[in-house]
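Participant: Take this sequence and fold it.
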Amino acid sequence: QVQLVESGGGLVQAGGSLRLSCAASTQTFASYAMAWFRQAPGKEREFVASIRWNGSSTYYAVFVKGRFTISRDNAKKTLYLQMNSLKPEDTAVYYCAQSRLIQTIPSPRPDDYNYWGQGTQVTVSS
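Facilitator: Numbering: from 1, shown residues only. Model prediction:
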């Protein structure tokens, strides 16, 4: 059973920065693509960013490109999301997720991920 635990969320003013972390319990973390999603109240869960199993490629939603950076440390079994220039519309619960398939190109579809963290709240004030 894979456990993913997010941390690093909080309250920040617009223009500020936060760094989210996602610690994985599994020994096979380094074999799977990982992603960040977010869900705001009353909205569907949406893709934010993803990264290949070896960190060689990253993918971003248009609305975060240039502001957010996804990265991973396979030795520490940890996924990161550096968020800069935060906007009030970035307010949401942020989730990390592990891909269903081993060593695959990461997908933006939530259904392609079968393990999820409990989420961490990010609130950006104007």
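
Participant: switch to C-alpha atoms for all contacts and neighbour counts from now on
Facilitator: Noted.

Participant: Stretch 72-83 spans what distance, first to last residue?
Facilitator: Terminal residues of stretch 72-83 lie 14 Å apart, using C-alpha to C-alpha, to the nearest Å.

Participant: Numbering from 183 from now on, please.
Facilitator: In the new numbering, first residue 183, that becomes stretch 254-265.

Participant: so for it, what's the average pLDDT?
Facilitator: For stretch 254-265, the mean pLDDT works out to 97.

Participant: Next: stretch 217-226.
Facilitator: Averaging pLDDT along stretch 217-226 gives 96.

Participant: need the strands for this structure, in chain order.
Facilitator: Taking DSSP state E to define them, one finds strands in the chain at 186-189, 192-195, 200-206, 214-221, 228-233, 240-242, 250-255, 260-265, 274-284, 295-298, 302-307.

Participant: who's in contact with the most centrally placed residue in the chain?
Facilitator: Compute the mean C-alpha point of the chain, and by C-alpha atoms, centre = their mean the closest residue is Trp218, 2.2 Å away. If a contact means C-alpha atoms under 8 Å, 6 or more residues apart in numbering, then Trp218 has 229-232, 263, 276-279 as its contacts.

Participant: just Val230 next, same as before
Facilitator: 217-220, 242-243, 246.

Participant: redo that, cut-off 7 Å
Facilitator: The contact partners of Val230, by C-alpha atoms under 7 Å, 6 or more residues apart in numbering, come to 218-220, 242-243.

Participant: now swap in Arg291 and tell me
Facilitator: Under the criterion of C-alpha under 7 Å, 6+ apart, Arg291 has no contact partners.

Participant: Same question for Ser189.
Facilitator: By C-alpha under 7 Å, 6+ apart, Ser189 lies in contact with 202-204, 302.

Participant: Lovely, talk soon.
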